[in-house]
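A.B. asks: got a predicted structure here, sequence first:
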Amino acid sequence: MKSAPLRPVFAVAALVVTLALSACSASAGSSAAAGAPAADASGAAGTTQLVVGVVPSLELGLLKVAEAKGFLADAGIELKITNVDSGPNVVTGVVAGQYDIGYTAYAPPLLAVAQGQPLKLVSNTSTVGEYGTNGGVLVKKDSGITSFKDLAGKKIGTNAPRSLFSLTVPASIKHAGGDPSGIQLVPLPFAQIGKAVHDGQVDAGVILEPFQTKALAEYGDLTNLGDSYRDILPVGSPGAVYFTSQATATAKAETIKRFKEAVAKTIDYANDHLDEVKAAGGPLAGLTAEQAAKLPLSPFKPQVQAADLDSLTTLMVEFAWIKAKPDLTGFVG
């Protein structure tokens, strides 16, 4: 696979909507005309189905807890969860109307908003946790790479060139005194990144749970260089988001409102029962119960204000992902 050089000015990628021309390789949701909301689908008696495109993670146990505790049933909602391989592809599916709601880290939807896509925040979910709990960067133990500064000029595997990791890793290199302009980003699915580092296909690989735990267990020659999320973003910052398109928000306003309320109720419960979220999220993330129980899980927080995203949008401007910080009033309102 050819690597994509990260230019000194970090040239802005093509509009996210352009990605709709290529299929989301891990998606299997219903098809719809671009920009149109997915048609309502009948679920159980008296329920409305919402199709949710997600990047798999332990935190998705929140939705299973919402089902188990009846919060979604009480709201008259049934979910169809579709795994997607990257945040940008989640955005593409939401813009195209393939998914009613998307779940991913903030960078891809914020980039789309800055490029003119009228996306709407439905609910914040996770928050940035303490150092070491947000994912990592895998390198070989004998690689000589011992700090983020050492990644300058290296080939780095990442799930998408415009994912949050693809922003925080260059920022961490710069923060450590290195020059990130010469790094090469190699797009790879999270599940393949550990092997790519082990085989020498890339010098390092940006990874999140549960893929990090699996890779470290399978390849004894790998180690985690550090947590670029926490290196750059404050603890408690918004971590991941459920969002929708303006078209779906309008066409399914009442259903989206009930979903948002159900998530808020679930978060109130889940923050006191994070063990249940882990147990429910483990199978969704491909983890055993034992593996899931050992992983850290930061508190959930449903509300977010535009100011809470200032650190991230400032970073996006600094690395020329966007020319200016977008007005997020319409996104969070």
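C.D. replies: Alright, I've got the coordinates.
A.B. asks: strands of the protein, start to end?
C.D. replies: Secondary structure of the chain by DSSP state E: the strands cover 4-5, 41-42, 48-54, 77-83, 101-105, 119-124, 136-140, 155-158, 184-187, 204-207, 222-224, 240-245.
A.B. asks: contact partners for the closest residue to residue 214 other than its chain neighbours?
C.D. replies: Counting by CB to CB, 6 or more residues apart in numbering, residue 214 lies nearest to residue 194, which is 7.0 Å off, once chain neighbours are set aside. The C-beta positions use only the backbone N, C-alpha and C, and glycine is treated the same way. Contact analysis of residue 194 by CB atoms under 8 Å, 6 or more residues apart in numbering lists 138, 205, 207, 211, 212, 214, 215, 216, 218, 219, 222.
A.B. asks: nearest to residue 327, out of the strands of the chain?
C.D. replies: Proximity to residue 327 (CB to CB) singles out strand 119-124 among these, at 12.9 Å.
A.B. asks: what helices or strands is that closest one leaning on?
C.D. replies: When contacts are defined as 3 or more CB pairs under 8 Å, 6 or more residues apart in numbering; DSSP states H and E, strand 119-124 packs onto helix 87-95, helix 107-114, strand 240-245, helix 246-251, helix 253-270, helix 329-332.
A.B. asks: repeat that with 7 Å
C.D. replies: Judged by 3 or more CB pairs under 7 Å, 6 or more residues apart in numbering; DSSP states H and E, strand 119-124 is in contact with helix 107-114, strand 240-245, helix 253-270, helix 329-332.
A.B. asks: residue 177: which of the ones you listed is closest?
C.D. replies: The closest of those to residue 177 is helix 107-114. By CB to CB, the value is 23.7 Å.
A.B. asks: by contact count, what packs against that closest one?
C.D. replies: Short answer (3+ CB pairs under 7 Å, 6+ apart): helix 107-114 packs on helix 87-95, strand 119-124, helix 310-318.
A.B. asks: at 6 Å what do you get?
C.D. replies: helix 87-95, strand 119-124 (3 or more CB pairs under 6 Å, 6 or more residues apart in numbering; DSSP states H and E).
A.B. asks: what's the average pLDDT for that helix?
C.D. replies: Here helix 107-114 scores 93 as its mean pLDDT.
A.B. asks: partners of residue 103 in the sheet?
C.D. replies: residue 54, residue 242 (DSSP bridges).
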